[in-house]
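In: Quick one, structure for this:
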Amino acid sequence: MSTQKTNPLADNYRYQGKMRHYHRSSKNDEVKWDDWTGDKVKSPIRQKFDKILVGAGAVIFGLGILGGVLGVIYIVLNKILPLIVK
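Out: Modelled structure (predicted):
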């Protein structure tokens, strides 16, 4: 029998597991927001069209809200004003 014991902390005896997925470095360092969200990059013409569409929608929505407010004021004044003037 040998009196020399094996060292369990030696490199040959030590367990080495695989590297975890969250410890691995990314292969592509320049990941853009569109890649994370799965969106495709829009062309400049499509971006301009989207901006115009959003602007037109905002104007139409604003005019609708303004018309609603004016309509409420008109109805309230038609009902209340004759009672006050009498």
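
In: Scan the chain for its longest helix.
Out: Criterion DSSP state H: the longest helix present in the chain is helix 44-85.

In: Under the pLDDT cut-off, which ranges of the chain? List them.
Out: Along the chain, the model assigns pLDDT under 70 to residues 1-17, 21-32, 34-36, 38-39, 86.

In: follow-up on the earlier one: the longest helix of the chain - contacts with which helices or strands?
Out: Based on contacts counted as 3 or more Cβ pairs under 8 Å, 6 or more residues apart in numbering; DSSP states H and E, there is no element that helix 44-85 packs against. Just so you know, the C-beta spots here come from the backbone N, C-alpha and C atoms, and that holds for glycine as well.

In: Now do the phi/psi pair for Val41.
Out: The phi/psi pair for Val41 (degrees, to the nearest 10) reads phi -70, psi 130.

In: To clarify, my last question referred to Ser43.
Out: Note on Ser43: backbone dihedrals following degrees, to the nearest 10 are phi -70, psi 160.

In: Renumber starting at 867 from here on
Out: In the new count, where the first residue is 867, that last one comes out as Ser909.

In: so how far is Phe915 from it?
Out: Ser909 is 9 Å from Phe915, where distance means Cβ to Cβ, to the nearest Å.

In: Who has more neighbours out of the two?
Out: Neighbour comparison, Ser909 and Phe915: the larger count goes to Phe915, with 12 against 9 (by other Cβ atoms under 10 Å).
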